[in-house]
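Based on what follows, work out the 3D shape:
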Amino acid sequence: MPLSTFLPDRYSVENLGRVLENPRLLRQELFYRTLQVNSRTRRLLNALEGTQEGIDVIAADWDNLVILDACRYDLFAAHDPLEGELRAVRSKGSDSWEFMEGNFAGRALHDTVYVTANPHVYRLPADTFHAVENLLETRWDAETGTVLPGAVVEAAIAAHERYPEKRLIVHFMQPHFPFLGPTGREFPQMSLDMDEDEDAPNPWFGLLSEDDLEIGTVLTAYRENFELLVPHLEGVLEALSGKSVVTADHGNLIGERGFPIPMRLYGHPRGLHREEVLTVPWLECEATERRAVVAEPPADEENDTDGEVVENRLEALGYV
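Numbering: from 1, shown residues only. Just a heads-up that it's a prediction; the model follows:
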């Protein structure tokens, strides 16, 4: 029986030639195979240990839920100037879709409006929320390849004024890359408007394949993305009435070694349920007045965003 019977289709002579021309492809393949082994092992260990499920963010007590994308608890705790009671909680997912699926999918959240810069909202049924303010088309910044935090604040305030009797979820893309600070702008990274022959990587996975990219540089860029977000967080919290909670959809791996294969891990791979990527901040900001929230049928709003645009935005943010 030929050896090819036991190998995936991509393990072909043609692709072997590509690897010989570009050795970093082999490093990428080894990373993904290692990730599969470590993810399956982690899920098995979590099942055997009876690891606690993540927090149900919808069931929690808040009028405004502000979500930061890919924000580690320790990053938030070390640089957080916001007033409130901070604790660490466990997320339901290691990437945005796992988080949304675990918290939003299959529910009728008709007392809630979702203002989001995250592309995964398209995977939820259209009638999940009372309304969705999706900023990927209306407020996308082509130069940086993301939705800027100031645009999210403006949209959140407008949604609060339009829907004063609804809970409000505000989902920023930062500190997730693209990195907007001075350090991040110094090295190539994924962006929407790249030339076809430009091979700028996801900066976290680039640490595995780019010989001239260092972890210290990426960590500095990651921290800068959080720091530039903080003034916008302060602004949105000040502008919204009611009780606000600041959290994250998931954390981010920054070089922790995996198990059982001790390869360094970066980013937030789906299904890799390690504490470093599931542990997120939960900051409760008390308010003297609470909103009176009313559930109503979903607003009749058309969503005609082009599917190719969605895929491009997902790719620019490192998801596909």
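
When you work out contacts or count neighbours from here on, use the C-alpha atoms and nothing else.
Fine.

what sits opposite the residue most central in space within the chain in the beta ladder?
By Cα atoms, centre = their mean, the chain has its centre lying nearest to residue 69, at 3.9 Å. Here residue 69 sits in beta bridges with residue 175, as judged by DSSP bridges.

quick one, what contacts it?
Neighbouring residues of residue 69 by Cα atoms under 8 Å, 6 or more residues apart in numbering: 96, 171-176, 248-251.

same question, residue 43
271-273.

Look at it and tell me its secondary structure.
Under DSSP: H, G, I helix; E, B strand; the rest coil, the three-state class of residue 43 is helix.

The contacts of residue 43 in strands, which ones?
The strands, defined by DSSP state E, take in nothing from the contacts of residue 43.

and which of those is nearest to residue 296?
residue 271 (34.5 Å; Cα to Cα).

distance of that closest one from residue 155?
Noted for residue 271: a distance of 31 Å to residue 155, by Cα to Cα, to the nearest Å.

what does residue 218 give?
As judged by Cα to Cα, residue 218 and residue 155 stand 29 Å apart.

More neighbours: which of residue 271 and residue 155?
residue 155 (20 against 17; other Cα atoms under 10 Å).

Identify the residue nearest that one in space, chain neighbours excluded?
Leaving aside its chain neighbours, residue 155 sits nearest to residue 115 (7.1 Å; criterion: Cα to Cα, 6 or more residues apart in numbering).

Am I right that the one you found is in contact with residue 156?
Yes: the pair formed by residue 115 and residue 156 meets the contact definition of Cα atoms under 8 Å, at 6.2 Å.

shared neighbours of these two, anything?
residue 170.

For burial, what's the neighbour tally of the closest residue to residue 118 other than its chain neighbours?
Spatial nearest neighbour of residue 118, excluding adjacent residues (Cα to Cα, 6+ apart): residue 173 at 6.1 Å. Residue 173 has 24 neighbouring residues, counting by other Cα under 10 Å.

Isn't residue 173 up against residue 119?
No: assessed by Cα under 8 Å, residue 173 is found out of contact with residue 119, at 9.5 Å.

With pLDDT as added columns, please give the contacts of residue 43 in JSON lines.
Formatted as JSON lines, those follow (pLDDT from 0 to 100):
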{"residue": "271", "pLDDT": "88"}
{"residue": "272", "pLDDT": "87"}
{"residue": "273", "pLDDT": "90"}
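
Could you dump those residues into CSV and include distance to residue 229?
Formatted as CSV, those follow (distance: Cα to Cα, whole Å):
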residue, distance to residue 229
271, 27
272, 27
273, 26
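
Closest to residue 51 out of those residues?
Among the contacts of residue 43, residue 273 lies closest to residue 51 (Cα to Cα), at 10.1 Å.

And the strands in the stretch 51-200 of the chain?
64-69, 85-90, 109-116, 129-134, 140-141, 146-147, 167-175 (DSSP state E, counting those that start in this stretch).

any idea of the mean pLDDT in the first one?
In this model, strand 64-69 has an average pLDDT of 98.

With only the CA atoms kept, save it in CSV.
Provided in CSV are the C-alpha atoms of strand 64-69 (Å, rounded to 0.1, in the frame of the first residue of the first chain):
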residue,chain,number,x,y,z
ASN,A,64,-23.4,47.9,29.6
LEU,A,65,-21.0,45.1,28.8
VAL,A,66,-17.8,46.4,27.3
ILE,A,67,-15.8,43.6,25.6
LEU,A,68,-12.1,44.0,24.8
ASP,A,69,-10.8,41.6,22.2
